[in-house]
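Asker: Provided below for reference: sequence and predicted model.
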Amino acid sequence: MNHRTTLAGTLLAGALLASGCTGTGGSSQGADAKAPDDPKTVSGTIKVLTQRTDLVQDGTMKKYAAAFNKTYPKVKVEFEALTNYETEAKIRMNTENYGDVLLIPAVIKKTDYPRFFASLGTRAERAKKYRFTDFTTVDGKVYGQSPIGVTPGFLYNKKVWQQAGVTQWPTTPAEFLTDLKAIKSRTDATPYYTNFSAQWPLTSWTAVNGSVGCDTEATTKLADGDPWAKGADLRVGDTLLYDIVHQGLIEKDPTTTNWEASKPRLAKGQIATEWLGTWAIVQFQDAARQAGIDPDDIGFMPFPAQVGGKFCAVVGPDYNLAVNVHSPHKEAARAWIDWFTDKSGYDKDNLAISPLKDAPLPDVLKPYEDEGVKFIEVSDAKGAEVKAIDDQSEVGINKPEYRQNLVDLARGARKGSLDSFLGDLSKKWADARKTVDSR
Amino acid sequence: MTDTTEKAAATAAGAVAQAAPEPAPPPRTARLWRGLTPWLFLIAPLALLITFTYAPIANMIAYSFTDWDGVSPELHYIGGQNYTEIFTREDLFQVFFVSGYYLAASVVQIVAALYFATILSFNVRFRNFFKGVLFFPYLINGVAIGFVFLYFFQDGGTLDAVLALFGYHADHAWLGTPASANVSLAGVSVWRYMGLNFVLFLGAIQSIPGELYEAAELDGAGRWHQFRYIIAPGIRPVLSLTVILSISGSLSVFEIPYIMTGGATGTETFVIQTIKLAFQFNKTGLASAAAVVLLLIILAVTWVQRRLVPDSADNRMDLG
């Protein structure tokens, strides 16, 4: 018995000690991944972590790698697709072995970037050519680059909307609701599909931030003020979602929605509208093609709000590519990132906005140009603070839970009023802001 | 590992030193080996047990005293702050009400499993077939079950279609309100775990000697009396084990609600909440503390239950 207790004690103590030295050491901190001078000489095998399981499986990524090898013949590119990217990458980042090129997981604190990633250069120099540099800038150095830019908006079936007699994009939330009602009464389509069950599509409602007030400092306002104050962007967006659900303009049973099935259904005109982003257009067009329908029936419209008679569309980065600070082949990794953002055509294949400042807009956004929609980039200077407040408060503006609760509230599966619900969020946010500031 | 062997070696050496004056002792090395042998056999199971059970638990307990976010190299020791937070935040414990649905469901589950096990232990036509049918759900992967039942409960899905066959046209969103969603999910869990209980009961019932039934029949005991006076006392240890497993299972429900609703519409359980704290809000420290609290609650419930319903001394079961 005595032996057993001492043995258990030693083991416990050992485990406690082992857990004390979690995480990667900061030895390589501050490393740079410089662009190679001569593409012919750079060599090595690099592993690229990606969330695009589909592109790895259908061989598209291999094609990119083959094209890359024409310029960089001595670099071998391998891909590893993670189905549950966020969680898996997070766990792997407790070691030094997390690929050579990876997408920066949302969980990593901005201030920790220099510990995990090699710098791609100074902000001053990169911002001349690329968009979204401030999303990954720490102390003047840039640590990541998104290969595509996206803007949130409503995907809609043009025919259904026309059938309902709507020819102009709605310009206010009230007008949008009227249009959805017209769709409900004049067509057989479900006016709006929530994707409640798939959860993550609901989080794109946070992307209204910036488009309502056409304000490039919208994120800073989240950090400094109340996101659900009267007239604030998130309150306007959440109120619209509430009204859509409350007025019964959604599918009959949101709790068993099916994301994959919603794509062909929207293409066929059984669903009229979904709030997503430019990144989704290509998927819905594919679904239309497979269903034998003209992909041009899929339309895209901005959030129904105008400032000075103009719509506003916020262009933001997708996942940012970065170089592992422990990678032995930083030049090759850097070469891949540069080539993938500038030359691969990944942005065009995804009908997305190019991260290059001087590139033209994709064709799908032609109607935006015709309507004179103003494109803005929201400053991310206070992005790290917003994330800290969000985690501390457990509100989760980029997590599905609070929007699911909002939808439940709106359809009567949860008690309370919209005002008290949003008031509660404001209170949590304000309380968390105090503790985060005091740190 | 080396630690274990060294310790064993030291113990063995100590024993040798003490036994020295004995007449004609076997050679030193042989005695050493004899002392070591049981440990050598234990190496593999101990290594597995320590690596996959005790080390993670020790880690979890260590994290519960820190403010770690799960990935940052920096973590600070913050004492019992996480525990204070857990016990001062009512909302963290409200989710235990959901466990009530699963507790109620486990009563149904145990009664149904007992009923089927009793019936199928007698000579019934196709009884092996029915045994298979009842046990089958337990063999299916939990994730698959979650997805299958999402279709089952869908608007116009399997359940609605079946009800329509009987002329009942349900226009009901099964996962739509907290009560109905929890009942539906608890129903899925009954469907899934009844097979396991059933097999445990069946095994216990079949270990009862057949002569007892014959004797009982000669004395004129009917099926009910056989159950009441032979089967029920005979399977008591297994029954009490099942009850303990059901209660701890109800407190730590996870995969079915997580896959089917993700905790939406009032179906969040304590474990889902813990997962959300750890992986959505990056409060790994707080989540570890919550997991420790759940572990303690389950241990306490088991202990209380063992005190209230002790096993009779003659057929005690070791629950480990």
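Answerer: Yep, that arrived. Numbers count the residues shown, from 1 in each chain, chains lettered A, B, ... in the order given.

Asker: need the contact list for the residue most central in space within chain A.
Answerer: In chain A, the residue lying closest to the centroid (C-alpha atoms, centre = their mean) is A:D318, at 5.1 Å. Taking C-beta atoms under 8 Å, 6 or more residues apart in numbering or on different chains, we find A:D318 in contact with A:146-150, A:279, A:352. For every residue, glycine as well, the C-beta is placed using N, CA and C.

Asker: pLDDT at it, what is it?
Answerer: Looking at A:D318, its pLDDT is 91.

Asker: just B:Q226 next, same as before
Answerer: So, for B:Q226, pLDDT stands at 88.

Asker: What are the contacting residues of the host helix or strand of it?
Answerer: Assigned by DSSP states H and E, B:Q226 falls within helix B:223-226. Helix B:223-226 has contacts (C-beta under 8 Å, 6+ apart) with B:122, B:213, B:216-217.

Asker: With neighbour count added, can I get the residues you listed in CSV?
Answerer: Shown next, in CSV, are the contacts of helix B:223-226 (neighbours: other C-beta atoms under 10 Å in any protein chain shown):
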residue, neighbour count
B:F122, 11
B:Y213, 17
B:A216, 15
B:E217, 13
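
Asker: Which stretches in the stretch 1-150 of chain A count as helices?
Answerer: Assigned by DSSP state H, counting those that start in this stretch, the stretch 1-150 of chain A shows helices spanning A:2-20, A:53-57, A:60-71, A:85-92, A:113-116, A:123-126.

Asker: that older thread, from the contacts of helix B:223-226, which land in helices?
Answerer: Using DSSP state H, the members of the contacts of helix B:223-226 that fall within helices are B:213, B:216-217.

Asker: B:L48 - how many residues pack around it?
Answerer: B:L48 has 10 neighbours, counted by other C-beta atoms under 10 Å in any protein chain shown.

Asker: That one: which element?
Answerer: Taking DSSP H and E as the criterion, B:L48 maps to helix B:28-49.

Asker: how about the CA coordinates for that helix, as PDB?
Answerer: The C-alpha coordinates for helix B:28-49 follow below in PDB (Å, rounded to 0.1, in the frame of the first residue of the first chain):
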ATOM      1  CA  ARG B  28      21.700 -12.500  -5.700                       C
ATOM      2  CA  THR B  29      20.800 -12.100  -9.400                       C
ATOM      3  CA  ALA B  30      18.100 -14.800  -9.200                       C
ATOM      4  CA  ARG B  31      16.500 -13.100  -6.200                       C
ATOM      5  CA  LEU B  32      16.600  -9.800  -8.000                       C
ATOM      6  CA  TRP B  33      14.900 -11.300 -11.000                       C
ATOM      7  CA  ARG B  34      12.300 -12.900  -8.900                       C
ATOM      8  CA  GLY B  35      11.500  -9.500  -7.300                       C
ATOM      9  CA  LEU B  36      11.400  -7.900 -10.700                       C
ATOM     10  CA  THR B  37       9.200 -10.400 -12.500                       C
ATOM     11  CA  PRO B  38       5.800  -9.100 -11.500                       C
ATOM     12  CA  TRP B  39       6.800  -5.600 -12.400                       C
ATOM     13  CA  LEU B  40       8.000  -6.700 -15.800                       C
ATOM     14  CA  PHE B  41       4.600  -8.200 -16.500                       C
ATOM     15  CA  LEU B  42       3.000  -5.000 -15.300                       C
ATOM     16  CA  ILE B  43       5.100  -2.700 -17.500                       C
ATOM     17  CA  ALA B  44       2.800  -2.700 -20.500                       C
ATOM     18  CA  PRO B  45      -0.500  -2.200 -18.700                       C
ATOM     19  CA  LEU B  46       1.000   0.300 -16.300                       C
ATOM     20  CA  ALA B  47       2.600   2.300 -19.100                       C
ATOM     21  CA  LEU B  48      -0.700   2.400 -21.000                       C
ATOM     22  CA  LEU B  49      -2.700   3.300 -17.900                       C
END
